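Q: Quick one: sequence plus predicted model below, questions after.
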Amino acid sequence: MANEILTKRTIFPKMKEGNTPFEYAKGASSQYFNGIDDMINHKFTVLTTGYAFIYWVHLPDWFAKDGDLQYFKVMTQKNFVSFQGLSTVQLSTGNYQSGFAGNEVTVPNGVERGNTQFTIEHIEYSGSPMRRLYQKWVNYIRDHRTGIAPYCKIFNVEYGPATYSGELLYITVRPDANNNNEDADILESAVYYSNVFPTNYDLGMYNYQRGQQENPHFNAEYVGVPDWGPEVDEFARKVLKEHILNVTEDSEDDVFGFLTSGSNTQEDVKIMAKDGTLGKIYGDYYADED
């Protein structure tokens, strides 16, 4: 399966081999990159960023036992402003001297993956719910008074990364971000982080300066072990379809639930679309199904 993904479904997984947009770039008759862009066939679309999701694949099991942290997943996934931290993957090189002239030759000797630190930004609200959620996670791992890890005794679990860390999927998509049609492939990129946990919580937003009243955002700094590639992309497509762009009666993950669900069994979704804030926009669409 892995070999199939790597060799046949790498860049355009919805298209058959030999029928990719690359075919339209070759040949003498192609207008692609020959002084004029092909604005008739439109085989390539310029990348547009600014559409992204985060999805918690796993959080510590004891979150469900805490009255606040049980809402950590839904609050961080939906109250998501920005993701920062992705950078260049660098092929490291070494040099040796060749021949009587001692000319320098460069060879690869490793790769520097990086990208282990990242920041997620959230809107903060009165009462500081986002800061308090992160404060709990950090303080459960290391209490700021004693330096011990109190979560083990409180929730009766063993200490270690298996019980204090999570797994996070960062997904970027095309502008048709709510497109859950079967043949649509909206995925642009995906990065899967394991061994994830926050490294701090910022109190600096509460500093005071006379005459300055602001609405600060909360920035959470994380560390994790990143992975990406065709296998991660396939997993991200599955998550998009089954969690982010799908709605069920007890779902806490869906982002575009009532915009993407056309199921006649989701009466509560239809009522919200008709009578809710966006009823004037989406009400007619659902009214046609009655």
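A: Yep, that arrived.

Q: Quick check: the spatially most central residue of the chain vs G67, distance?
A: Nearest to the mean C-alpha position of the chain, counting by CA atoms, centre = their mean, stands Y170 at 1.7 Å. The gap separating Y170 from G67 is 28 Å, by CB to CB, to the nearest Å. From N, CA and C alone the C-beta is placed, and that goes for glycine too.

Q: mean confidence score for the helix or strand where V191 lies?
A: In the assignment (DSSP states H and E), V191 maps to strand 187-198. Averaged across strand 187-198, the pLDDT comes to 96.

Q: relative to strand 187-198, how tilted is the helix or strand following it?
A: Next in sequence after strand 187-198, counting helices and strands by DSSP H and E, comes strand 217-227. Relative orientation of strand 217-227 versus strand 187-198 (axes from the mean of the first three to the mean of the last three CA atoms, to 10 degrees): 110 degrees.

Q: So which other helices or strands are in contact with strand 217-227?
A: When contacts are defined as 3 or more CB pairs under 8 Å, 6 or more residues apart in numbering; DSSP states H and E, strand 217-227 sits against strand 117-123, helix 129-141, strand 187-198.

Q: that older thread, quick one, what contacts the residue nearest to the centre of the chain?
A: Each residue near Y170 by CB atoms under 8 Å, 6 or more residues apart in numbering is listed here: 52-54, 83, 118, 190-193.

Q: before we move on, back to that, list the helices and strands the strand holding V191 packs on?
A: On a contact count with 3+ CB pairs under 8 Å, 6+ apart, strand 187-198 meets helix 129-141, helix 161-164, strand 166-173, strand 217-227, helix 230-239.

Q: The third one pairs with which strands?
A: Which is strand 166-173. If you go by DSSP bridges, strand 166-173 pairs up with strand 52-58 (antiparallel), strand 187-198 (antiparallel).

Q: Give the buried residues for the helix or strand that the first one is followed by.
A: Elements were assigned by DSSP H and E; along the chain past strand 52-58, the next helix or strand is helix 72-78. Within helix 72-78, the residues that count as buried by 16 or more other CB atoms under 10 Å are 72-73, 75-77.

Q: Same check on stretch 115-135?
A: Buried residues in stretch 115-135, counted by 16+ other CB under 10 Å: 115, 118, 120-122, 124, 128-131, 133-135.

Q: List the contacts of it.
A: For stretch 115-135, contacts defined as CB under 8 Å, 6+ apart pick out 54, 68-69, 71-72, 75-76, 79-87, 89, 170, 191, 193, 198, 201-203, 205, 215-226.

Q: Tell me, please, where in the stretch 101-250 of the chain the pLDDT is lower than the cut-off.
A: 247-250 (pLDDT under 70).

Q: any idea which element the residue lying farthest from the centre of the chain lies in?
A: Taking CA atoms, centre = their mean, the residue of the chain most remote from its mean C-alpha position is F100, at 53.0 Å. Under DSSP H and E, no helix or strand contains F100.

Q: Same check on the one 5 residues further on?
A: Under the criterion of DSSP H and E, V105 resides in strand 103-112.

Q: Just the buried residues from the contacts of Y170, in PyMOL please.
A: For the buried members of the contacts of Y170, the matching PyMOL selection, counting by 16+ other CB under 10 Å, is:
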select buried, resi 53+54+83+118+190+191+192+193
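
Q: now, among the contacts of Y170, which is nearest to E23?
A: Closest approach between these and E23, by CB to CB: A190, at 25.7 Å.

Q: residues touching the closest one, list them.
A: Residues near A190 by CB under 8 Å, 6+ apart: 169-172, 228, 232-233, 235-236.

Q: just F12 next, same as before
A: Neighbours of F12 in contact, by CB under 8 Å, 6+ apart: 20-21, 185.

Q: Just the buried residues from those residues, in ChimeraX please.
A: To isolate the buried subset of the contacts of F12 in ChimeraX, counting by 16+ other CB under 10 Å, use the following:
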select :21,185
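
Q: For the contacts of F12, please prepare CSV with the additional fields distance to K43 and secondary structure.
A: Output for the contacts of F12, formatted as CSV (distance: CB to CB, whole Å; DSSP: H, G, I helix; E, B strand; the rest coil):
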residue, distance to K43, secondary structure
T20, 9, coil
P21, 4, helix
D185, 15, coil
